[in-house]
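Enquirer: below are the sequence and a predicted model; questions follow.
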Amino acid sequence: MMSDLKSMGAEALIDLPSVVVIGGQSGLWSGKSSLVEAVSGINVPRDSGTCTRCPMECTMSSHATSWSCTITLRMGFDNNGRDLQKTITVPFGRTITDRNEVEVWLRRAQSAILNPNVPSSAFHTKTIEELRSTKNTLKFSRNVVCVSIEDPDATDLSFYDLPGLIQNEEAETVALVKSLAEHYTKKENTIILTTIPMSDDMENQQSMTLARAADPDGKRTIGVLTKPDTLGAGAINQRRRWVEIIEGRSEDHKLRHGFYCVRLPDDAERTQRLSRAESQRRAAEYFDTTSPWNGVADRRRFGIPGFVSDVSRLLIQLIEEALPRLREDIDKLLAQCNKEFDALPPPLANDPQIEVLGRVNAFCDVFKSYVNGNHEDKRLAQQNRAFYSMFKRDIRGTAPDFSPFEEPEDYVALDDTEGKMTLTERDPGVKMMGIYDISQVIQEYVSAFCSGSLTAAQSSTKVNWMGTSEQCAISGKGKSHCSVRQTLGCSV
């Protein structure tokens with residue numbers, strides 16, 4: 001069920017229970033890659049520096065009669081690490097039945113992830129040498145290589161192997177890898193497996209620092225101590241401190257699920273291609289015959305079998321506890337989707353062109369009602385009322401400043417056609433005009449009209465000024481009104 005949800009991209013919407021493995025820069029240094037190999041039973045790519053450059057999801061199932069492996073690419077992010085609208089799962093190559101072929105296929109899959117602009121099928125036949133010489137488009141990617149293993153001898157388990165935390169790189173690359181690890185470890189339904197080489201002090205472990213930041217109380221972090229055989233016989237104090245940590249007696253390093261110690265195959269043993277059973281037998285013999293490990297009472301804290309069994313049990317328990325909450329989250333998402341579907345308009349019943357034209361006209365009508373203030377929602381008209389007044393004031397400010405008197409400077413201009421308003425704010429380009437100024441203009445236009453040289457523009461201006469002057473004359477009082485009428489009459 002979890003695999004099906006992940007393949008559909010559900011992780012972007014809900015917090016699915018999972019296990020993640022984090023560690024230092026190189027699998028050769030922290031033992032992270034060796035741990036992944038010991039748990040999964042497959043060989044993973046190993047190179048100098050960082051060998052894991054995208055997350056690998058490994059799902060193991062014991063419900064099979066023979067061993068097989070299939071690889072898919074889960075593409076949920078673009079080249080810039082942003083979420084895609086829909087997660088795409090791409091089958092990669094054929095079903096693998098030979099364990100020795102897995103490593104090269106994992107290299108091919110990772111190269112396909114790091115070069116998203118190249119068809120993934122172009123990597124199916126590349127050799128290891130060709131892959132090593134390929135200049136990748138991306139240094140790291142959030143897209144996932146999914147490995148599904150059918151193994152009758154395996155323990156049912158699913159986990160993510162994340163790129164190792166790096167330090168000696170460009171700041172942008174260091175931040176990218178760290179943010180990738182934080183993206184997985186911050187989820188409350190995630191069990192964090194942090195690999196810690198016993199050849200170095202716990203305080204120097206970058207992965208442990210990141211795990212503490214994501215899980216301050218240590219409720220979902222499990223420490224995996226690697227390379228116990230690198231501690232020399234004289235490292236008595238170091239061994240004693242590690243025993244205290246394993247037994248849970250260290251006050252500075254306490255985790256709810258504690259620490260496990262594993263001995264993983266070295267390079268010589270990897271070259272021999274030992275079986276999983278033989279590797280586990282040698283590790284068990286080492287812990288049973290080497291001090292101080294053979295003095296620890298809880299023997300399940302040593303070796304891969306007890307570690308994998310406990311992690312599998314914890315994951316199943318986490319899934320069982322999370323199921324009711326996952327159902328609630330899914331029901332909420334389903335309700336939201338149904339609500340959004342119901343809000344969509346019904347399917348078109350008419351010709352699309354007629355439908356579009358009708359909707360455009362309807363929009364125009366509604367928009368016009370908003371502008372005119374006829375719509376039930378008056379906020380637009382109310383908010384713009386002040387702007388309308390300012391606009392009206394500015395337009396009125398361009399009206400002619402005509403005072404029908406011999407000395408217009410001594411009078412207040414009358415502008416409103418109904419005699420109710422006197423304009424006090426006038427455009428600077430408008431000049432004051434008296435009765436004689438208007439008379440002179442009228443005489444010029446009459447002469448031009450009589451001679452036949454009056455242009456359309458002059459005629460229009462004449463009509464406008466005549467209307468203004470006439471209204472002023474009608475509104476005026478006393479002798480000046482008579483003068484205006486006489487002037488207008490003579491001019492006409």
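Expert: Structure received. Residues are numbered from 1 along each chain as shown.
Enquirer: rest of the way, CA atoms for contacts and neighbours
Expert: OK.
Enquirer: for the longest strand belonging to the chain, list every residue counted as buried.
Expert: Counting by DSSP state E, the longest strand found in the chain is strand 83-96. Buried residues in strand 83-96, defined by neighbour count with 16 or more other C-alpha atoms under 10 Å: 87, 89, 92, 93, 96.
Enquirer: mind checking how far the last one is from residue 57?
Expert: So the one you mean is residue 96. 17 Å (C-alpha to C-alpha, to the nearest Å).
Enquirer: for the longest strand of the chain, the distance to its chain's centre please.
Expert: 20 Å (C-alpha atoms, centre = their mean, to the nearest Å).
Enquirer: surely residue 145 is within a helix?
Expert: No. Using DSSP: H, G, I helix; E, B strand; the rest coil, the assignment for residue 145 is strand, not a helix.
Enquirer: which residues does it bridge with?
Expert: Taking DSSP bridges as the rule, residue 145 bridges to residue 56, residue 73.
Enquirer: my guess is it contacts residue 73. True?
Expert: Yes. Shown here, residue 145 and residue 73 form a contact pair, counting by C-alpha atoms under 8 Å, at 4.9 Å.
Enquirer: before we move on, the earlier item: with distance to residue 112 as new columns, can the buried residues of strand 83-96 be given to me in TSV?
Expert: As requested, the buried residues of strand 83-96 are exported to TSV (distance: C-alpha to C-alpha, whole Å):
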residue	distance to residue 112
87	16
89	13
92	9
93	12
96	18
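Enquirer: pick the one among the residues you listed closest to residue 360.
Expert: residue 87 (35.6 Å; C-alpha to C-alpha).
Enquirer: assign a three-state SS to the closest residue in space to that closest one that isn't next to it in sequence, would you?
Expert: Spatial nearest neighbour of residue 87, chain neighbours left out: residue 76 (4.4 Å); criterion: C-alpha to C-alpha, 6 or more residues apart in numbering. Secondary structure assignment for residue 76 (three-state DSSP): strand.
Enquirer: these two touch, right, residue 76 and residue 86?
Expert: Yes. Counting by C-alpha under 8 Å, residue 86 is a contact partner of residue 76 at 6.8 Å.
Enquirer: for residue 160, phi and psi?
Expert: As for residue 160, its main-chain torsions (degrees, to the nearest 10) stand at phi -110, psi 130.
Enquirer: mind checking how far it is from residue 205?
Expert: Counting by C-alpha to C-alpha - residue 160 and residue 205 are separated by 20 Å.
Enquirer: higher neighbour count, the two?
Expert: residue 160 (23 against 17; other C-alpha atoms under 10 Å).
Enquirer: mind pulling up the pLDDT for that one?
Expert: Residue 160 is assigned 93 on the pLDDT scale.
Enquirer: and it, bridged to which residues?
Expert: residue 20, residue 57.
Enquirer: one step back: neighbour count winner among residue 145 and residue 73?
Expert: Applying other C-alpha under 10 Å to residue 145 and residue 73 shows that residue 145 carries more neighbours, namely 26 against 23.
Enquirer: so what's residue 217 up against?
Expert: residue 255 (C-alpha atoms under 8 Å, 6 or more residues apart in numbering).
Enquirer: so what's residue 31 closest to, chain neighbours aside?
Expert: That would be residue 226: by C-alpha to C-alpha, 6+ apart, it lies 6.0 Å from residue 31.
Enquirer: bridged to that neighbour, which residues?
Expert: residue 197.
Enquirer: which stretches of the stretch 351-492 of the chain form helices?
Expert: 352-372, 379-396, 435-451, 456-475, 479-491 (DSSP state H, counting those that start in this stretch).
Enquirer: in terms of mean pLDDT, which of the ones you listed ranks lowest?
Expert: helix 479-491 (a mean of 35).
Enquirer: measure the residue nearest to residue 31 to residue 393 for me?
Expert: 84 Å.
Enquirer: the more surrounded of these two?
Expert: For residue 226 and residue 393, the more surrounded residue by other C-alpha under 10 Å is residue 226, and the numbers stand at 23 against 16.
Enquirer: tell me, what's the model's pLDDT at that one?
Expert: Looking at residue 226, the pLDDT reads 92.
Enquirer: distance of it from residue 302?
Expert: Distance from residue 226 to residue 302, by C-alpha to C-alpha: 10 Å.
Enquirer: residue 353 now?
Expert: Relative to residue 302, and taking C-alpha to C-alpha, residue 353 is found at 73 Å.
Enquirer: and the helices in the stretch 101-250 of the chain?
Expert: According to DSSP H, counting those that start in this stretch, the helices that the stretch 101-250 of the chain contains are 102-114, 128-132, 171-185, 206-214, 236-246.
Enquirer: return the shortest one as PDB; C-alpha atoms alone will do.
Expert: I take that to be helix 128-132. C-alpha atoms of helix 128-132 as PDB (Å, rounded to 0.1, in the frame of the first residue of the first chain):
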ATOM      1  CA  ILE A 128      30.500   1.700 -16.100                       C
ATOM      2  CA  GLU A 129      33.400   3.500 -17.900                       C
ATOM      3  CA  GLU A 130      31.000   5.400 -20.200                       C
ATOM      4  CA  LEU A 131      28.900   6.400 -17.200                       C
ATOM      5  CA  ARG A 132      31.900   7.600 -15.300                       C
END
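Enquirer: buried stuff in it?
Expert: residue 131.
Enquirer: and the last one, by the same measure?
Expert: By neighbour count, and taking 16+ other C-alpha under 10 Å as the criterion, the buried residues in helix 236-246 are 239, 242, 243, 245, 246.
Enquirer: skipping adjacent residues, who's closest to the second one in space?
Expert: The reference is to residue 242. Using C-alpha to C-alpha, 6+ apart, the closest residue to residue 242 is residue 198 (7.8 Å).
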